[in-house]
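Enquirer: Prediction below, plus the sequence it came from.
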Amino acid sequence: MATRINPRFSEELKKYGAINMNACYNCGTCTAVCSLSTTDDSFPREMVRLSVLGLEDDIKTSLKPWECYYCGECTTNCPQTANPGELMMSLRRWLTAKYDWTGLSGLLYKSMSLTLFAMLLVFAGVLYFANSVNFNLEQMLHTGHIFEMVAIGTIMFVIFVPNLLRMWNFTVLKAGVKAPFKTYVTALSDLFVHMFTQKRSKDCDEDDSFRWLEHFILVLSYLSLLFTTVFLNWFGTGSILIIIFGYIVSFLIFVVTVDFVSSRMKKKKSLNKFSQPSDWFFVIWLLLMGITAFMVRLFIDLNILESNKWMYILHLTVLAQWALIIVPFGKWTHFLYRSFAMYFSKVKSMALE
Ligand code: SF4
Ligand code: SF4
């Protein structure tokens with residue numbers, strides 16, 4: 001099959017956050033300093049070259065952008081300030097848009113005003129719903145709980161499953177890898193290990209294991225809060241253990257995300273220097289999720305939620321915006337695609353062996 005060159009690829013990638021990549025003169029310093037790059041699996045220089053040349057089909061079949069955990073070493077050492085670390089991040093956003101069959105990821109990544117419009121639309125939808133039940137708290141809580149369950153199932157089967165199949169098609173099938181079914185089963189443990197521990201990020205930034213620990217706490221707290229609110233009905237339960245557990249995990253989400261937001265504002269590390277709107281939406285909405293969930297439960301325990309229904313409407317708005325926009329089409333998907341990239345990478349290496 002002839003290789004297709006997209007002469008406008010640099011322009012396209014700029015919309016996803018790439019900065020100055022055409023300044024690269026191919027010296028290879030970035031690959032030499034990257035602690036995750038190996039002889040067999042070498043990046044980021046190769047990705048910079050493919051991007052500069054506009055070889056987008058080669059990028060689409062590659063899993064390498066997901067192997068970068070953005071420590072920023074390559075960017076710090078690049079003599080041309082071509083920002084290879086930010087390029088890898090932009091490629092992850094671009095790939096996310098390519099995997100997404102709805103096309104919404106790409107539109108939302110490229111347009112801040114469209115994202116804000118979608119957020120406002122969801123807010124209007126929540127207000128319409130609250131008004132339609134005459135702001136009855138019991139009904140709002142009940143429907144909010146059902147919404148969480150329906151949203152999880154729908155996003156999983158309507159968005160994530162097809163998108164992961166597309167990712168598999170691009171990166172494994174189209175890359176010409178024929179792996180027997182047994183290989184997929186054997187490699188499954190890698191999927192879960194990477195999903196829950198993100199252990200490669202420890203090797204990425206050896207001087208900053210605190211960053212890995214924060215991510216680890218955040219992933220566990222987020223998944224625990226999801227489980228506590230959806231399956232243990234945190235806002236409706238009388239179990240003191242579940243109530244305390246929910247307070248702890250929502251508080252942890254709050255603490256970690258406050259640190260993330262403050263790091264992005266201070267811009268001291270290279271991974272925080274060039275935040276895109278999708279990065280801000282992700283951390284801020286995660287922060288709001290932690291705070292508003294904590295406050296709703298606190299208002300229930302203080303018996304003041306009935307007279308402060310706005311608190312639950314605020315939480316429901318944040319939750320709906322998170323579940324309908326950020327999780328299926330925003331930065332949250334990186335968590336999923338990166339874990340599957342590690343899995344497919346393992347499958348590919350086992351098949352080649
Ligand atoms: S991105 Fe920078 S460090 Fe990497 S090859 Fe190009 S010029 Fe060299
Ligand atoms: S940001 Fe870090 S992990 Fe990513 S390519 Fe650069 S050096 Fe490697």
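Expert: Cool, got the structure. Residues are numbered from 1 along each chain as shown. Ligands and ions are numbered 1, 2, ... in the order given.
Enquirer: Going by neighbour count, which residues in the helix or strand bottoming out on mean pLDDT in the chain are buried?
Expert: When the helices and strands of the chain are scored by mean pLDDT, DSSP states H and E, helix 200-204 comes last with a mean of 77. When burial is assessed from 16 or more other Cβ atoms under 10 Å, helix 200-204 yields the following buried residues: 200-202, 204. From N, CA and C alone the C-beta is placed, and that goes for glycine too.
Enquirer: Give me the residues contacting that helix.
Expert: Residues outside helix 200-204 that contact it (Cβ atoms under 8 Å, 6 or more residues apart in numbering) are 35-36, 67-71, 194, 209, 211-212, 215, 342.
Enquirer: cool, and stretch 247-258?
Expert: Where contact means Cβ under 8 Å, 6+ apart, the residues beyond stretch 247-258 that reach it are 214, 217-218, 221-222, 224-225, 228, 283-284, 286-287, 289-291, 293-294, 297-298.
Enquirer: swap in stretch 170-188?
Expert: 60-63, 98-99, 341, 343-344, 346-348, 350-352.
Enquirer: roughly how far out does the least confident helix or strand of the chain sit from the chain middle?
Expert: Averaging C-alpha coordinates over helix 200-204 and over its chain gives two centres that are 17 Å apart (Cα atoms, centre = their mean, to the nearest Å).
Enquirer: Over to stretch 234-254?
Expert: 24 Å.
Enquirer: in that stretch, what counts as buried?
Expert: 234-235, 237, 242-243, 245-247, 249-250, 252-254.
Enquirer: Looking at those residues, which is nearest residue 104?
Expert: Using Cβ to Cβ, residue 253 is the member of those that lies nearest residue 104, at 25.6 Å.
Enquirer: Next, that closest one: secondary structure please.
Expert: The local conformation at residue 253, judged by DSSP: H, G, I helix; E, B strand; the rest coil, is helix.
Enquirer: For ligand 2, see how far away it is.
Expert: Using Cβ to the nearest ligand atom, to the nearest Å, residue 253 is found at 26 Å from ligand 2.
Enquirer: swap in residue 14?
Expert: According to Cβ to the nearest ligand atom, residue 14 stands 19 Å off from ligand 2.
Enquirer: Relative to residue 96, how far out is that residue?
Expert: Distance from residue 14 to residue 96, counting by Cβ to Cβ, to the nearest Å: 16 Å.
Enquirer: neighbour count winner among these two?
Expert: Taking residue 14 and residue 96 together and counting by other Cβ atoms under 10 Å, residue 96 has the greater number of neighbours (24 against 14).
Enquirer: That one is in contact with residue 335, isn't it?
Expert: No: Residue 96 lies out of contact with residue 335 (Cβ atoms under 8 Å); the separation is 11.0 Å.
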